[in-house]
Each structure stands twice: as C-alpha cells, then as structure tokens.
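S.K.: Model the structure of this input:
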Amino acid sequence: MSDDFEYRPKFFDIRVKPPGGDKARAGERACEWDGCTARGDCRAPQSPERLGEFFWFCRKHAAQYNKTWNFFHGMNEAAVRAYQEGQATGHRPTWKMNRHVAGQGRAGSASARFADPFGLMGEAAFAQTDAPKRRLGRLQSLAMDSLGLDYDAGPKAIRARYLKLVKTFHPDANKGDRSCEERLQQVVQAYQILKTARLA
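M.R.: Here you go, the predicted model:
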C-alpha cells in the first residue's frame, strides 16, 4: 500500500476526532481551569454555602474537580448527621401528627386549636355538641327497628331484648298459640342480621 493514502470520509465519522474540536469558539463559554482553553460545558458547584453558583469546566477538569470536592468539608460528625436527617424533609420544619395543646387533653379544646382574634365565630361555634349516633346500614337499622331498640344499643341490650321477645312469641312459651310465629321469625332474622354485622 502506498504511504500517500489519506482517509477521507464522505459523512461525519465518529472515529475521527477533528483537530481542535474541544477548543472554545467565539461566543462559547471557556473552561475556568487555569491554562485550559477547551469548552466549559460541565458545571460544578462552587461551595456548599453557594450551591446555586457554579464553575464551568471541560469534562476532564470537571471530573478532576469532583474527585477532590467534599460537600461536608469542615463539618463535624454531629453537623453531618443533622444535615442528613434534615434532608429527608427538605430541611423544612415538621411536627408530629398527634401534637396537642398541653393541659387540654389529647386534641385540646376547640377554642385552643382555632384562633378567633376578632370574635367572629362567637362562643356558640365552640360549644360541645352531642356525640353523633352510630351509623348503620339499611338492614341493620331495620333489624334494630324490628327489635324495638335505639340505634346506639350495645350487644348486651340487643341480646337481652332478643331473649325477651323470643320468650314472648315462641309457641312453647305462650301455650301453643301459633298466631305469633311470623313475628318470631322477624325477631330471629333481625338478630341474625345484627349478629352477622357483629353488633350483637
């Protein structure tokens, strides 16, 4: 093969690096490393206190700078640990979910929890209301009505009422009178519904 052969690609060839390809051209940012004239297209933070300000280096000098840069330089172990714990919340203040006003019970009184400096809400807004009644499904509320009980009745009251109604309507207890059998079936069915719902 002759020595005067020169490779001339027809298209852009990634294997051949053009001479002076890394040098910064006019209008481009140059590497800030002393004595380097390459393009500065890699940024590196200046210091932990100024994370929004950057040095601009070429790839080679950015890698060299990153090997020697230490974010925690100058901090003692307690400061490093405090920073790492604060990083979990983005260094924003937090508080526990069950926080309450001291001396006011678990959740504190309504007037202690809500500030009303102009008295717009009045005392009636903070008045204690009765506890809400138990919410039952349609079948459970019909079963309670069938047994003649209030919706807040507990398991003992439900069982006591059931036993009383069974003794009243059962044919063995009322001298063989079969006219109350339908009512007895309603009572038994209502009790089974409440038992399935774990209310009895």
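S.K.: shaky segments in the protein?
M.R.: Under the criterion pLDDT under 70, the flagged ranges of the chain are 1-2, 9, 12-22, 24-25, 98-114, 122-133.
S.K.: got the buried residues for stretch 32-47?
M.R.: Neighbour-count burial for stretch 32-47, counted by 16 or more other CB atoms under 10 Å, picks out 33, 36, 38, 39, 40, 42, 44, 45. For the C-beta atoms, the positions are set from N, CA and C on the backbone; glycine is no exception.
S.K.: Check the gap between the third one and residue 63 for me.
M.R.: Note on residue 38: its distance to residue 63, by CB to CB, to the nearest Å, is 13 Å.
S.K.: How about the fifth one?
M.R.: As for residue 40, its distance to residue 63 is 13 Å (criterion: CB to CB).
S.K.: same thing with the fourth one?
M.R.: Computed with CB to CB, the distance linking residue 39 and residue 63 is 15 Å.
S.K.: gap between the nearest residue to residue 48 once chain neighbours are set aside and residue 51?
M.R.: Sequence neighbours aside, residue 71 is the residue nearest to residue 48 in space, at 5.2 Å (criterion: CB to CB, 6 or more residues apart in numbering). In this view, residue 71 and residue 51 are 9 Å apart by CB to CB.
S.K.: ok, now which ones touch residue 190?
M.R.: Applying CB atoms under 8 Å, 6 or more residues apart in numbering, one finds that residue 190 lies in contact with 142, 143, 144, 146, 147.
S.K.: and it, what element?
M.R.: helix 181-196 (DSSP states H and E).
S.K.: For that helix, C-alpha coordinates in PDB please.
M.R.: What follows is the C-alpha trace of helix 181-196 in PDB, where atoms were taken according to Å, rounded to 0.1, in the frame of the first residue of the first chain:
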ATOM      1  CA  GLU A 181     -94.900 -17.300  64.500                       C
ATOM      2  CA  GLU A 182     -94.400 -14.700  61.800                       C
ATOM      3  CA  ARG A 183     -93.400 -12.100  64.400                       C
ATOM      4  CA  LEU A 184     -91.000 -14.700  65.900                       C
ATOM      5  CA  GLN A 185     -89.400 -15.200  62.600                       C
ATOM      6  CA  GLN A 186     -88.900 -11.500  62.100                       C
ATOM      7  CA  VAL A 187     -87.200 -11.300  65.600                       C
ATOM      8  CA  VAL A 188     -84.900 -14.200  64.800                       C
ATOM      9  CA  GLN A 189     -84.000 -12.800  61.400                       C
ATOM     10  CA  ALA A 190     -83.300  -9.400  62.800                       C
ATOM     11  CA  TYR A 191     -81.000 -10.900  65.500                       C
ATOM     12  CA  GLN A 192     -79.100 -12.900  62.800                       C
ATOM     13  CA  ILE A 193     -78.500  -9.700  60.800                       C
ATOM     14  CA  LEU A 194     -77.100  -7.900  63.800                       C
ATOM     15  CA  LYS A 195     -75.000 -10.900  64.800                       C
ATOM     16  CA  THR A 196     -73.500 -11.000  61.300                       C
END
